[in-house]
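S.K.: no sequence on this one, just coordinates:
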């Protein structure tokens with residue numbers, strides 16, 4: 001690994017620095033778009049540098065590209081600005097940066113309060129990057145809470161339909177989840193031996209002696225973290241905010257929301273619940289897997305009732321995030337690696353689907369499935385990309401979604417054969433609703449709403465191509481991602497006796 005001190009901090013803070021400059025200096029709207037695109041492209045290239053330069057042989061508990069600075073130093077509380085990446089977080093940093101570029105391009109036709117819109121979008125990217133890289137629990141919480149403000153503003157300010165209701169519902173659920181996480185952080189700090197918020201030190205003491213509350217006291221802390229992250233993932237029955245938020249959010253917000261914000265929940269479960277409280281994860285694995293199976297089946301069944309493209313993809317996300325929970329509950333190397341891979345692959349797949357839906361909506365002014373038809377003739381590029389995204393979502397071999405699902409199922413089947421078989425039914429339902437959706441909107445007679453639409457522009461084709469390459473590439477060469485993930489996942493299993 002070639003270490004450049006400050007590189008990771010530059011990736012985190014570059015978007016918000018650009019946002020501050022946009023706020024200070026008067027810049028024309030078209031130039032704002034170009035500046036923000038340049039900033040996000042640079043951020044993505046730097047994130048790619050970190051991913052490519054990642055040392056896969058680094059030991060567990062060691063983080064790379066770290067930056068550390070004392071932040072709060074009092075007799076009661078010590079907290080640091082401490083960031084770094086390991087095999088779990090490096091892919092998420094890359095995913096966030098790539099989808100940041102896609103979100104900017106998807107926002108190219110925003111005409112209302114352009115400066116304000118892109119400022120919030122840039123702040124959102126910094127907040128999410130901070131969550132994935134924080135190695136201090138208090139810093140993690142600050143970034144976690146920071147993301148709710150720009151997302152709330154994007155939905156309420158540039159959304160459609162019941163945007164005020166949906167943004168407020170998102171805000172309430174996020175604040176509630178944050179409250180549970182804060183309780184977990186405070187109890188961890190004040191009962192840990194030694195008292196620390198440093199995640200790397202907590203990892204070195206992970207297990208039965210991490211906090212001095214006994215098994216059931218630690219279980220309460222585990223539950224607080226679990227509820228906070230489960231709301232964000234989201235897990236049934238804490239999912240109700242997601243379909244509304246997706247339906248009424250602007251396209252860019254939907255890309256970020258489904259692509260990386262949901263992944264914050266899965267990341268938190270693996271980084272904190274699984275890594276710091278492995279005994280509780282094993283003890284409550286049955287309940288965790290059961291919730292995952294319910295989420296898979298419920299999300300799949302609900303998609304069958306949807307006529308709005310965005311709402312359908314939102315419920316499919318609930319189903320696919322259930323697979324993450326199943327992989328976590330399996331506490332096996334295959335299951336956890338599959339869950340971690342699902343976080344990345346689902347981000348690229350839903351990012352592609354929402355990008356295509358946004359292009360379709362911009363040109364046809366509808367997302368209603370009954371009003372769409374014949375898009376393969378009118379928008380062949382978008383139709384092909386949408387088909388690839390849909391097939392990857394249902395787990396077609398040679399596409400990235402297949403690899404993640406197989407790893408989850410193989411890891412879970414060892415300990416939970418019946419529930420694994422039940423979750424496979426969700427994949428069968430997924431094939432039904434995705435193929436039905438593709439057939440309805442892409443083929444058949446050309447509907448009036450799409451009579452005069454045109455295909456994606458060259459600018460819109462760029463992020464489509466990037467996401468398609470990632471989906472196909474990881475489907476054919478999954479080891480490119482799995483080898484990185486294993487640096488963080490395998491030691492958890494070997495240290496604490498997983499399968």
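M.R.: Received it, and whenever you're ready, just let me know what you need. Here the structure is a predicted model, which is why all the values come from computation and not from measurement.

S.K.: what's the longest strand in the chain?
M.R.: strand 64-73 (DSSP state E).

S.K.: check which helices and strands that one sits against.
M.R.: Secondary structure elements in contact with strand 64-73, counted by 3 or more Cβ pairs under 8 Å, 6 or more residues apart in numbering; DSSP states H and E, are helix 7-24, strand 78-85, helix 137-146. All C-beta atoms are positioned from the backbone trio N, CA, C, and that covers glycine.

S.K.: give me that answer again for 10 Å
M.R.: Applying 3 or more Cβ pairs under 10 Å, 6 or more residues apart in numbering; DSSP states H and E, one finds that strand 64-73 contacts helix 7-24, helix 29-52, strand 78-85, helix 89-106, helix 114-133, helix 137-146.

S.K.: next, the angle helix 89-106 makes with it.
M.R.: Between strand 64-73 and helix 89-106, the angle formed by their directions is 90 degrees, by axes from the mean of the first three to the mean of the last three Cα atoms, to 10 degrees.

S.K.: buried residues in strand 64-73, which are they?
M.R.: By neighbour count on 16 or more other Cβ atoms under 10 Å, the buried set for strand 64-73 is 64, 65, 66, 67.

S.K.: which residues touch the residue nearest to residue 23 when sequence neighbours are not counted?
M.R.: Nearest non-adjacent residue to residue 23, counting by Cβ to Cβ, 6 or more residues apart in numbering: residue 119, 5.9 Å away. Applying Cβ atoms under 10 Å, 6 or more residues apart in numbering to residue 119 gives the contacts 15-16, 18-23, 32, 36, 113, 150, 153.

S.K.: closest to residue 350 out of those residues?
M.R.: Distances from these to residue 350 were compared by Cβ to Cβ; the smallest belongs to residue 150, at 19.3 Å.

S.K.: packing partners for the helix or strand containing residue 243?
M.R.: Under the assignment given by DSSP states H and E, the secondary-structure element containing residue 243 is helix 241-248. Contacts defined by 3+ Cβ pairs under 10 Å, 6+ apart place helix 241-248 against helix 148-158, helix 163-191, helix 214-232, helix 251-256, helix 285-303, helix 309-330, helix 333-364.

S.K.: which one of the helices and strands packed on strand 64-73 lies nearest to residue 407?
M.R.: With distances scored as Cβ to Cβ, the stretch of the helices and strands packed on strand 64-73 nearest to residue 407 is helix 89-106 (14.4 Å).

S.K.: for that closest one, the distance to its chain's centre please.
M.R.: 10 Å (Cα atoms, centre = their mean, to the nearest Å).

S.K.: average model confidence for that helix?
M.R.: Along helix 89-106, the predicted confidence averages to a pLDDT of 95.

S.K.: between it and helix 29-52, what angle do the directions make?
M.R.: Our comparison of helix 89-106 with helix 29-52, counting by the same axes, to 10 degrees, yields an angle of 160 degrees.

S.K.: as TSV, the helices and strands packed on helix 241-248 with mean pLDDT would be great.
M.R.: Putting these into TSV (pLDDT from 0 to 100) gives the following:
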stretch	mean pLDDT
helix 148-158	93
helix 163-191	92
helix 214-232	91
helix 251-256	91
helix 285-303	93
helix 309-330	91
helix 333-364	92
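
S.K.: do you know which of those lies nearest residue 267?
M.R.: That would be, of these and by Cβ to Cβ, helix 333-364, which comes in at 6.6 Å.

S.K.: run the chain-centre distance for stretch 111-129.
M.R.: Taking Cα atoms, centre = their mean, one finds the center of stretch 111-129 at 18 Å from the center of the full chain.

S.K.: go through the helices and strands packed on strand 64-73 and pick out the most buried.
M.R.: By mean neighbour count, with neighbours taken as mean count of other Cβ atoms under 10 Å, helix 89-106 ranks first of the helices and strands packed on strand 64-73 at a mean of 27.

S.K.: beyond the strand or helix carrying residue 412, next helix or strand please.
M.R.: Under the assignment given by DSSP H and E, the secondary-structure element containing residue 412 is helix 400-413. Tracing the chain C-terminally past helix 400-413 and defining elements by DSSP H and E, one meets helix 417-442 next.

S.K.: same for that next one, what does it pack against?
M.R.: helix 285-303, helix 309-330, helix 333-364, helix 375-378, helix 380-393, helix 400-413.
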